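Novice: Sequence unavailable; structure follows:
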């Protein structure tokens, strides 16, 4: 047939170029969704807003109270609402002048991860001297240490501490996350014990002062503290106060 070569390829160079361009556009269009950022509208990765803030996301590994990775923590990344991320960046800038930095242990938490924690808790077991030294695993929900729902799933809650920028660490705490390279707060993150109450009496003066400094800095940035956990803060003007999310935490 005139204008056609064997196998149906066009002899017309303009038609060939047009076909190649169309093929390229088709391939690009079909692969873009896989490359695009899958975060819901209004969410960002903290590292894209302020890479100077340290991240030590414990539920993406095994150094946490479950002793294993939590469901849907597929990367050790902090994801937050844009408002919360920008507010944290303002706090970071304020304390950086004092040679300090924020350290994030947890940010947005998928609803599936919350369910995973609840199911693990209900399996039962003895106290854990590092994480919950005075209660049994099956009591963690009833005692209020593990929530059946979590404000973290709304995207504007963080678990945070403060460290020196020169990375001089304090001794490992007797309860909670160790090796966090933070100031002394009396306990580590996720110590399920009355010692973790923000205003707990009997703290050493340095730990009490560090807790007050953290609360004051976060309050100035628009966050409110949860009184039972010195590390737990929620943005007062959170954008999704009545909505919980369930997308996985990924690196990109």
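Specialist: Happy to help now that I have it. Predicted, not measured: the structure shown is a model, and the values here were computed from it.
Novice: chain center to the helix or strand harbouring residue 218: distance?
Specialist: Residue 218 is part of helix 205-220, with elements assigned from DSSP states H and E. Centre-to-centre, helix 205-220 and its host chain are 21 Å apart (Cα atoms, centre = their mean, to the nearest Å).
Novice: Mind checking what helix or strand follows that helix in sequence?
Specialist: Counting by DSSP H and E, what follows helix 205-220 is strand 223-226.
Novice: Which elements pack onto that next one?
Specialist: helix 205-220, strand 229-235 (3 or more Cβ pairs under 8 Å, 6 or more residues apart in numbering; DSSP states H and E). Any C-beta I mention is one placed from the backbone N, CA and C, and that applies to glycine too.
Novice: Grab the most central residue of the protein for me.
Specialist: Centroid-nearest residue in the chain, with Cα atoms, centre = their mean: residue 107, separated by 2.7 Å.
Novice: ok, for that residue, nearest residue in space, not its chain neighbours?
Specialist: Excluding the flanking residues, the one nearest residue 107 by Cβ to Cβ, 6 or more residues apart in numbering is residue 78, at 4.0 Å.
Novice: Isn't that neighbour up against residue 48?
Specialist: No. The criterion here is Cβ atoms under 8 Å, and residue 78 misses it with residue 48 at 10.2 Å.
Novice: And these two? Which one has more around it.
Specialist: residue 78 (26 against 12; other Cβ atoms under 10 Å).
Novice: And the more buried one, what's its pLDDT?
Specialist: Looking at residue 78, its pLDDT stands at 98.
Novice: How about residue 131?
Specialist: As predicted, residue 131 sits at a pLDDT of 98.
Novice: give the contact list for it.
Specialist: Residues in contact with residue 131, defined by Cβ atoms under 8 Å, 6 or more residues apart in numbering, are 64, 65, 175, 176, 190, 191, 192.
Novice: switch to 7 Å and redo it
Specialist: By Cβ atoms under 7 Å, 6 or more residues apart in numbering, the contact set of residue 131 is 65, 176, 190, 191, 192.
Novice: Name the residues that touch the helix holding residue 218?
Specialist: Contacts of helix 205-220 (Cβ under 7 Å, 6+ apart): 91, 94, 95, 162, 183, 184, 185, 186, 198, 225, 230, 233.
Novice: now stretch 55-73
Specialist: Applying Cβ under 7 Å, 6+ apart, the contact partners of stretch 55-73 are 46, 75-78, 103-106, 110, 112-113, 116-117, 120, 128, 131-132, 177, 180, 189-190, 248-249.
Novice: Tell me the pLDDT of residue 33.
Specialist: pLDDT, residue 33: 35.
Novice: repeat for the one 10 residues further on
Specialist: On pLDDT, residue 43 comes in at 98.
Novice: Would you agree it is in contact with residue 110?
Specialist: No. Checked against Cβ atoms under 7 Å, the pair residue 43 and residue 110 is beyond contact range at 11.9 Å.
Novice: right, and the helices and strands packed on strand 223-226 - which one's nearest residue 143?
Specialist: strand 229-235 (12.7 Å; Cβ to Cβ).
Novice: Report the angle between that closest one and helix 205-220.
Specialist: Here strand 229-235 runs at an angle of 10 degrees relative to helix 205-220 (axes from the mean of the first three to the mean of the last three Cα atoms, to 10 degrees).
Novice: Name every strand pairing with strand 229-235 and say which way it goes.
Specialist: strand 157-164 (antiparallel), strand 223-226 (antiparallel) (DSSP bridges).
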